[in-house]
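> this is the structure alone, sequence omitted:
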């Protein structure tokens, strides 16, 4: 399973980066291959200063070895070995009418002292953070998310959509990071699903990513904007930073377990503003976004 | 003691904000008075878009009531009341040759069910985060810090200077946030010191703040700079954000205990950049700063 999934994310990384490069038309991804001292490593691909994408990363990694202290505590085991691999991506567009997107699909295995698999699961999801809200974009993104879920199980979309709203809740701001999408974790073998079923589902979600996002970029990338739109984008990017550094479990886990810092923090936006106590004008387009972020809604 | 210290920080806030306004020459502080539902409140004063200061806050607060859950856990007590007051300031200058400065002086009391003081202490300090290193500025700042400490106890400066280097260590970057200063906490009554001695020391440190920082601002504020200097400042401000949101105990405590978010996050810089895997050129001025931040040194 681990080889099957790693091969999948390798191919998916190629597919996503080549599509994003085409869409950008100007910048190319730079690749950094890194090794982890304790076992494994990754391929980080970052694009900067593009025509469409101001900054973005599409990274894969596969790491293994002794369970780090933090994971031992989390899983309440004394010792053990693990394997984890996944693809993580964040794309920060230049044009404030294009939403930022984040996605991650991952697989985890834990072993006993005989090297046998004790437990294994998939996790991941994808979510959208617009700066200006176009209902049709939100509906398109969620429709693709729902369609891929409905092919497997009717309950998946409502559950994973709610998980996503809950997970990306910026508690100290009392608002969502974005307009959500899908979030799932600990997809294990059950009476109903084999690990192969789980693999089929997670890879179907991964395969749907470009379809969920690229049409939105194409529709918005040539819209003209003013400095005030860019300022608002940079202020909202501040909330993105706050979520990632204060609340995001993956980011904090990476920072506290000696992960490759630059691969983890590629998620941070290229330019950000913090203004004191800023709030948009009543009935403005900016205020409309805030209303949706404070009251997440059903899009499909 | 609590009234005596609160009156002190009220006067100190006035003195610091009026001096900073004079130094800036263009912008004025705006004051927000806020109340805490559970007891107490504060006076937040923020300056933005000045001629010298791009953003800064000089805030005081006094809060009291039942010990919040997080403090009960930290102090390992089942219940109790508390009182806490303090002044916190962060100043982010526009000119990248002027360092950012942070300071905080605070007082804490805890009571038993009869309302008697069980324990009380002072804490605080001040530290400097330059973007370009001028040895004479670092020496000046630390000389003022040492002088005020030496008036009380010879051991204070070396201990509180090391505390500061340790506290403001950005572990995930393996570098200091800045070039340090003083950091002290839990200054309680001992055989050697009464609470009045502690008060005298902490207020002497507070009184020394303007002397430690203002001459540096005056020396640097008219130096001309290029866009590349500003870019470097904004990249380093990113590290400042990372420290405050990932590691700073005060910030995280505030965010997780329903503090006044905008007063806490006034510490975040006005404009920030994150570039992937950026490192300055060998032998550059930027690289010289990094060398000091990765190997904190004795300045006096």
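Now that the structure is in, tell me what you want to look at. Just so we're clear, the structure is a prediction, and the values are computed from it rather than from any experiment.
> up against chain B, what does chain A have?
A:32, A:46, A:48, A:55, A:57, A:171-173, A:234, A:238, A:241-242, A:245-246, A:252, A:255-256, A:261-262, A:265-266, A:268-277 (C-beta under 8 Å from any C-beta of the partner chain). The C-beta positions use only the backbone N, C-alpha and C, and glycine is treated the same way.
> residue A:273 contacts residue A:240, correct?
No: in this structure, residue A:273 is not within contact of residue A:240 by C-beta atoms under 8 Å, at 11.8 Å.
> and the residues of chain A next to chain B, which of them are in strands?
A:32, A:46, A:48, A:55, A:57, A:271, A:272, A:273 (DSSP state E).
> and the buried ones among the residues you listed, selectable in PyMOL?
In PyMOL, this line selects whichever of those come out buried by 16 or more other C-beta atoms under 10 Å in any protein chain shown:
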select buried, chain A and resi 32+46+48+55+57+271+272+273
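> quick check: closest non-adjacent residue to the residue nearest the centre of chain A.
Nearest to the mean C-alpha position of chain A, by C-alpha atoms, centre = their mean, lies residue A:103 at 2.6 Å. Spatial nearest neighbour of residue A:103, chain neighbours left out: residue A:126 (3.7 Å); criterion: C-beta to C-beta, 6 or more residues apart in numbering or on different chains.
> ditto for residue A:108
That would be residue A:84: by C-beta to C-beta, 6+ apart, it lies 4.8 Å from residue A:108.
> quick check, that neighbour in a strand?
Yes: according to DSSP: H, G, I helix; E, B strand; the rest coil, residue A:84 belongs to a strand.
> list the contacts for residue A:178?
Neighbour list for residue A:178: A:99, A:100, A:127, A:128, A:129, A:130, A:168, A:293 [criterion: C-beta atoms under 8 Å, 6 or more residues apart in numbering or on different chains].
> as TSV, the residues you listed with secondary structure, neighbour count and pLDDT would be great.
Converted to TSV, those look like this (DSSP: H, G, I helix; E, B strand; the rest coil; neighbours: other C-beta atoms under 10 Å in any protein chain shown; pLDDT from 0 to 100):
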residue	secondary structure	neighbour count	pLDDT
A:99	coil	25	98
A:100	strand	25	98
A:127	strand	25	98
A:128	strand	24	98
A:129	strand	25	98
A:130	coil	24	98
A:168	coil	25	97
A:293	helix	24	97
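> kindly indicate which of these lies nearest chain B.
Each of the contacts of residue A:178 was checked against chain B using C-beta to the nearest C-beta; the closest is residue A:100, at 13.3 Å.
> who touches that closest one in this structure?
Counted by C-beta under 8 Å, 6+ apart, residue A:100 has contacts A:90, A:91, A:92, A:93, A:128, A:129, A:130, A:131, A:178, A:237, A:240, A:269.
> same question, residue A:169
A:175, A:176, A:177.
> one step back: and the residue nearest to residue A:103, bridged to which residues?
Under DSSP bridges, the beta-bridge partners of residue A:126 are residue A:103, residue A:182.
> wait, it touches residue A:90, no?
No: with contacts counted by C-beta under 8 Å, residue A:126 stays clear of residue A:90, the gap being 10.7 Å.
> out of the residues of chain A next to chain B, which are buried?
Buried among the residues of chain A next to chain B by 16+ other C-beta under 10 Å: A:32, A:46, A:48, A:55, A:57, A:172-173, A:234, A:238, A:241-242, A:245-246, A:252, A:255, A:262, A:265-266, A:268-276.
> and the contacts of stretch A:194-205?
A:1, A:4-5, A:8, A:105, A:107, A:120-122, A:124-126, A:145, A:148-149, A:151-152, A:156, A:182, A:187-189.
> swap that for stretch A:58-74, sorry
Under C-beta under 8 Å, 6+ apart, the answer for stretch A:58-74 is A:2, A:6, A:9-10, A:13, A:16-17, A:20, A:29, A:36, A:38-45, A:75, A:77-89, A:110, A:253, A:256-258, A:260, A:263, A:266.
> those residues, buried ones only, as a PyMOL selection?
The PyMOL selection below is limited to those of those classed as buried (16+ other C-beta under 10 Å):
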select buried, chain A and resi 2+6+9+13+16+17+20+29+36+40+41+42+43+44+45+80+81+82+83+84+85+86+87+88+89+110+260+263+266
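> any chance of JSON lines for the contacts of residue A:169, columns neighbour count?
Listed next are the contacts of residue A:169 as JSON lines, based on neighbours: other C-beta atoms under 10 Å in any protein chain shown:
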{"residue": "A:175", "neighbour count": "20"}
{"residue": "A:176", "neighbour count": "23"}
{"residue": "A:177", "neighbour count": "26"}
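> nearest to chain B among the residues you listed?
Looking across those and measuring by C-beta to the nearest C-beta, the closest to chain B is residue A:175, at 11.1 Å.
> quick revisit: which residues sit in contact with the residue nearest to the centre of chain A?
A:87, A:88, A:89, A:124, A:125, A:126, A:127, A:206, A:209.
> how many residues are close by the residue nearest to residue A:218 when sequence neighbours are not counted?
Spatial nearest neighbour of residue A:218, excluding adjacent residues (C-beta to C-beta, 6+ apart): residue A:23 at 7.2 Å. Applying other C-beta atoms under 10 Å in any protein chain shown, we find 19 residues neighbouring residue A:23.
> repeat for residue A:149
23.
> where does chain A have its least confident helix or strand?
helix A:69-75 (a mean of 80; mean pLDDT, DSSP states H and E).
> could you pull out the buried residues of that helix?
Buried, per 16+ other C-beta under 10 Å, within helix A:69-75: residue A:71.
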